[in-house]
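Undergrad: Below: sequence and its predicted model.
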Amino acid sequence: MIRILLAEDDRVMREYLTRALERSGYAVSAVDRGTAAMPLLENERFDLLLTDIVMPEMDGIELAQKASEIAPDMRVMFITGFAAVTLKAGKQVPQAKVLSKPFHLRDLVLEVDRLFEAENAGFN
């Protein structure tokens, strides 16, 4: 099963995203800030870091950079509602996918599915 670490400071958004991804067959561990994600990254294996960019204590870009040191094969997808932040994320973590808010939950699941299509094809 593909494991996703979700870092999103908005509780309602975090719950919606978790439910949508779990319904689609993903295992999700959700935290409310980047600093809470670090111990999980150090002690567990995740296939995808799905993170908001603008969060207190540690933003999603810094989290993604630290995560790539710990788990270089883990994929990264940013979610944000700020266009300027999207540009910054693209420059600092160029291999990451950026999904701009607002988005439909179905679009998020489709993007995550696309990231793992090759691996999922082997399980069918």
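TA: Yep, it's here.
Undergrad: The longest helix along the chain - contacts with which helices or strands?
TA: Of all segments of type helix in the chain, defined using DSSP state H, the longest is helix 11-23. On a contact count with 3 or more CB pairs under 8 Å, 6 or more residues apart in numbering; DSSP states H and E, helix 11-23 meets strand 3-7, strand 27-31, strand 48-52, helix 105-115. (C-beta placed from N, C-alpha, C; glycine too.)
Undergrad: let's see 7 Å
TA: Helix 11-23 sits against strand 3-7, strand 27-31, helix 105-115, with contacts defined as 3 or more CB pairs under 7 Å, 6 or more residues apart in numbering; DSSP states H and E.
Undergrad: Relative to residue 48, which of those is closest?
TA: Of all those, it is strand 3-7 that lies closest to residue 48, at 4.7 Å by CB to CB.
Undergrad: Report the mean per-residue pLDDT for the strand or helix carrying residue 62.
TA: Using DSSP states H and E, residue 62 maps to helix 60-70. Taken as a whole, helix 60-70 carries a mean pLDDT of 94.
Undergrad: do the same with stretch 12-27
TA: On average, the pLDDT along stretch 12-27 is 96.
Undergrad: Would you indicate which residues of it are buried?
TA: Along stretch 12-27, these residues count as buried under the neighbour rule (16 or more other CB atoms under 10 Å): 14, 17-18, 20-21, 24, 26.
Undergrad: Which pair in these has the greatest spatial separation?
TA: 14 and 24 (16.1 Å).
Undergrad: Show the contacting residues for the most centrally placed residue in the chain.
TA: The centroid of the chain falls nearest to residue 50 when counting by CA atoms, centre = their mean (0.4 Å). Residue 50 makes contact with 4, 6, 77, 79, according to CB atoms under 7 Å, 6 or more residues apart in numbering.
Undergrad: Looking at those residues, spot the one nearest residue 94.
TA: Nearest to residue 94 among these is residue 77, at 13.3 Å by CB to CB.
Undergrad: strands paired with the helix or strand containing the closest one, and their directions?
TA: Applying DSSP H and E as the criterion places residue 77 in strand 75-80. Here strand 75-80 is paired, per DSSP bridges, with strand 48-52 (parallel), strand 97-100 (parallel).
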